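[1] here are the coordinates; sequence isn't available:
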């Protein structure tokens, strides 16, 4: 248990469906991240939020829409996905500190998404 | 962030020390060395990090060479639960917040 939870853990959806992934942390962290991990590929950073503001969008297609209503919650809204979007979607959070504070990210267990 | 090079896979006997190497020859002076691991179908887990001194915690030890161009993660008494993919990442602690994961080393602990 890292203190970062993700729901659902598994999701199967059709290409015309709309679904949302949820991430929650009560660690007092102010930075939250979405990563994608496709089979046999490294983790790819998708989005970064700092203090609820999106600070990074790593050229992610618009069919993925993040939302960060507060520092504890992060959503990834999905619509009209493609089969190649099937992957493990991981959420992470990190505390903020001084410039010398270390950069430990706490990861959730991930949502295994299958797009049919 | 500087790139890292790790062996694709390694085996280690249960109960022995697992030594995982990482090359980061282009590391810059303000970059730290971080190690994470990912057990199958779980999220990555932070293990340890260091700048230039050797570090030890309850999970592992990190040995960084004097020129900082390489490092070794040591799991002193490997157990079957240490089977995972281990990622070596070099990263600054300020500015750009991205952690760039490579393909890592798949460590298999053999009973």
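    Received it, and whenever you're ready, just let me know what you need. Treat the numbers as computed from the prediction; the structure is a model and nothing was measured. Residues are numbered from 1 along each chain as shown, chains lettered A, B, ... in the order given.
[2] list the contacts for the closest residue to residue B:73 other than its chain neighbours?
    In this structure, residue B:73 finds its nearest non-sequential neighbour in residue B:20, 4.4 Å apart by CB to CB, 6 or more residues apart in numbering or on different chains. In this view, the C-beta of every residue, glycine as well, is placed from N, C-alpha and C. Residues near residue B:20 by CB atoms under 8 Å, 6 or more residues apart in numbering or on different chains: B:6, B:7, B:10, B:35, B:72, B:73, B:74, B:75, B:86, B:88, B:105, B:107.
[3] which among the residues you listed end up buried?
    B:6, B:10, B:35, B:72, B:73, B:74, B:75, B:86, B:88, B:105, B:107 (16 or more other CB atoms under 10 Å in any protein chain shown).
[4] I'd like these laid out as TSV, including secondary structure and pLDDT.
    Putting these into TSV (DSSP: H, G, I helix; E, B strand; the rest coil; pLDDT from 0 to 100) gives the following:
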residue	secondary structure	pLDDT
B:6	coil	96
B:10	strand	97
B:35	strand	96
B:72	strand	98
B:73	strand	98
B:74	strand	98
B:75	strand	98
B:86	strand	98
B:88	strand	96
B:105	strand	97
B:107	strand	98
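[5] Can you tell me which of the residues you listed is nearest residue B:27?
    Closest approach to residue B:27 among these (CB to CB): residue B:88, at 10.8 Å.
[6] give me phi/psi at the residue nearest to the closest one when sequence neighbours are not counted?
    Leaving out its chain neighbours, the residue that sits closest to residue B:88 by CB to CB, 6+ apart is residue B:22, at 3.4 Å. Dihedral pair for residue B:22: phi -150, psi 130, per degrees, to the nearest 10.
[7] For the closest residue to residue A:104 other than its chain neighbours, list each beta-bridge partner.
    Take residue A:104 and drop its neighbours on the chain: the residue closest to it by CB to CB, 6+ apart is residue B:46, 4.4 Å away. For residue B:46, the beta-bridge partners are residue B:36 (DSSP bridges).
[8] isn't residue B:38 right up against residue B:104?
    Yes. Counting by CB atoms under 8 Å, residue B:38 touches residue B:104, with 7.4 Å between them.
[9] So if I had to pick from these two, which one is more boxed in?
    Legend: neighbour count by other CB atoms under 10 Å in any protein chain shown for residue B:38 and residue B:104, higher for residue B:104 (26 against 22).
[10] Contacts only, for that one.
    Residue B:104 neighbours (CB under 8 Å, 6+ apart): A:42, B:6, B:38, B:85, B:86, B:87, B:88.
[11] cool, residue B:43 as well?
    Counting by CB under 8 Å, 6+ apart, the residues that residue B:43 touches are A:2, A:4, A:90, A:91, A:92, A:107, A:108, A:109, A:110.
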